[in-house]
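Engineer: Fold the following for me, if possible:
(chains A and B)
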Amino acid sequence: MNSFYLVIDAGLEIPPYQQIVEQIRAAIERKELPPDSPLPTVRQLAGDLGIAPNTVARAYAELQSGGYLIGDGRRGTRVAAELPLDRRTRIRRLRDATEKFVDSQRHRGFTREEIGAALGRVLGTYDAANPAGRSLPLEI
Amino acid sequence: MHEHTESLTRLLMAVIFAGLGVAALARPRWFAGVAGFFTCSPGLSASERERLDRVVVARERAEGISRAYGRYLAVVAFLCAPLEAIWTIPFILPYALFCFASAVVMLLAYLQYRRATEQRVAPLVPRSLFTALPPIVVGAMGCSLVASLALVADSTARLGGLAVATCTLVLGIIAWRVAVAPALLIGADPQWEYAVDERVRIGRARTIANLACTPAFVLLAMLDPRSPSQYAHFGSAIFYVAAVAFFVTLVAAIAPLRRRIRPA
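Structural biologist: Prediction:
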């Protein structure tokens, strides 16, 4: 059994769902909540904290979309067996993958300019279809 | 029931009520307090015992009116005693009322505590209804209900059976509500508060389950063998069903109190 306790402070400006998300995320990253450990149901946690079930459901949904929790049907909500990587590690892996891709294309006889132009065209098409995704390449 | 036997039964019940009333006035915490669940907590060091006592006192203070609840029960007991003199009322009805009042007191203590705790602290541990009310206890309450409903079919014990069946059903619902009640922690010492909350929840839910099974057992035990009731024999199957249900819930209510309390 884990010994982690959630605290909701009504005096804070941070909304309760965000307080839940941050505390659970921090507990998972610090290993206070071990991988695969079960979490209480939405109804139970909402009752214990005296808040609306929707608030807890929203927090769980955000943690699931971030890869910290998995909703496992009848087994309930659990901590993910593998933690999502931090942003710096993910960017490093993207750079490694891009380098491998560029190397492989150079071996196939394409020039830097041709590879850059092809990537630019792909990203241009991608940006046109997904305006929200534009920030990612700029950070790299 | 034979008239002479029923007179004796009613007199006995009235004396028991008077005794319960006096006990509830003299020792209200026995009936409505939290400390009773921790009188036997083996294996604790002096510092652990001190932390436990601090948490229990804080909880009793938050529940607020443990003494007042004891006095409410005393009033109910003193009111039930003269009811035994009214022959149109089945002798078991005041006892069923007292069991009901005991369960309501426990439920009220929970509600009062919930209002008293402002800070919201929650353990990230899934809980199950069956921790507080194992299937065998739920089954025992079901058996008790069936036993009392069987009496409804008997014209000589119909009213008493109906009263007991209603009491068993209502107490079963209260036991379930207590078993699934939220964990209520103040936040000063969450690990010990959660351990105390778990034991109090389990203790109260199972005590109410035992109270739900008691009236059926008492009613069947006191039915006079000379009465025309087809269930008026200690050897009847329905009596054994009620007796087993009573003792199963009694053991289930007492057993957790002897276990070592461990902070989460």
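
Engineer: for the stretch 101-250 of chain B, what spans make up the helices?
Structural biologist: Remark: helices assigned in the stretch 101-250 of chain B by DSSP state H, counting those that start in this stretch are B:129-132, B:135-152, B:158-179, B:190-222, B:237-254.

Engineer: just the angle between the second one and helix B:190-222, please?
Structural biologist: Here the directions of helix B:135-152 and helix B:190-222 differ by 30 degrees (axes from the mean of the first three to the mean of the last three CA atoms, to 10 degrees).

Engineer: Show me what counts as buried in the helix or strand where residue B:50 lies.
Structural biologist: Residue B:50 is part of helix B:46-63 when elements are defined by DSSP states H and E. Residues B:48, B:51-52, B:55-56, B:58-60, B:62-63 are the ones in helix B:46-63 that count as buried (16 or more other CB atoms under 10 Å in any protein chain shown). For glycine as for every other residue, the C-beta is placed from the backbone atoms N, C-alpha and C.

Engineer: is it possible to export the residues you listed to TSV including pLDDT and distance to residue B:18?
Structural biologist: Shown next, in TSV, are these (pLDDT from 0 to 100; distance: CB to CB, whole Å):
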residue	pLDDT	distance to residue B:18
B:48	82	40
B:51	85	40
B:52	85	35
B:55	86	36
B:56	84	30
B:58	82	35
B:59	81	31
B:60	78	27
B:62	76	32
B:63	74	27
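
Engineer: could you dump the residues you listed to CSV with distance to residue B:31?
Structural biologist: Listed next are those as CSV, based on distance: CB to CB, whole Å:
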residue, distance to residue B:31
B:48, 27
B:51, 26
B:52, 21
B:55, 21
B:56, 16
B:58, 20
B:59, 16
B:60, 13
B:62, 18
B:63, 13
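
Engineer: Is whichever strand or helix holds residue A:27 in proximity to chain B?
Structural biologist: Using DSSP H and E, residue A:27 falls within helix A:16-29. Yes - using CB under 8 Å from any CB of the partner chain, we find that helix A:16-29 touches chain B at A:24, A:27.

Engineer: ok, then the element right after that helix?
Structural biologist: Trace forward from helix A:16-29 with DSSP H and E and the next one is helix A:42-49.

Engineer: In contact with residue B:124, which residues?
Structural biologist: A:2, A:4-6, A:24, A:27, A:33, A:39-40, A:45 (CB atoms under 8 Å, 6 or more residues apart in numbering or on different chains).

Engineer: please redo it, this time with the cut-off set to 7 Å
Structural biologist: Contact partners of residue B:124, counting by CB atoms under 7 Å, 6 or more residues apart in numbering or on different chains, are A:2, A:4, A:6, A:33, A:39-40.

Engineer: Strands of chain A, residue ranges please.
Structural biologist: For chain A, applying DSSP state E gives strands covering A:5-8, A:69-71, A:77-79.

Engineer: Mind putting these into JSON lines with mean pLDDT?
Structural biologist: As requested, the strands of chain A are exported to JSON lines (pLDDT from 0 to 100):
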{"stretch": "strand A:5-8", "mean pLDDT": "88"}
{"stretch": "strand A:69-71", "mean pLDDT": "89"}
{"stretch": "strand A:77-79", "mean pLDDT": "91"}
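
Engineer: Quick one: closest of those strands to chain B.
Structural biologist: When the strands of chain A are compared by CB to the nearest CB, strand A:5-8 sits nearest chain B, at 4.3 Å.

Engineer: where's the most centrally placed residue in chain A relative to chain B, distance?
Structural biologist: Closest residue to the average C-alpha location of chain A: residue A:66 at 2.6 Å, with CA atoms, centre = their mean. According to CB to the nearest CB, to the nearest Å, residue A:66 and chain B sit 17 Å apart.

Engineer: residues contacting the nearest residue to that residue once chain neighbours are set aside?
Structural biologist: With CB to CB, 6 or more residues apart in numbering or on different chains as the criterion, residue A:66 has its nearest non-adjacent residue at 6.1 Å, and that residue is residue A:84. With contact taken as CB under 7 Å, 6+ apart, residue A:84 is in contact with A:66-68.
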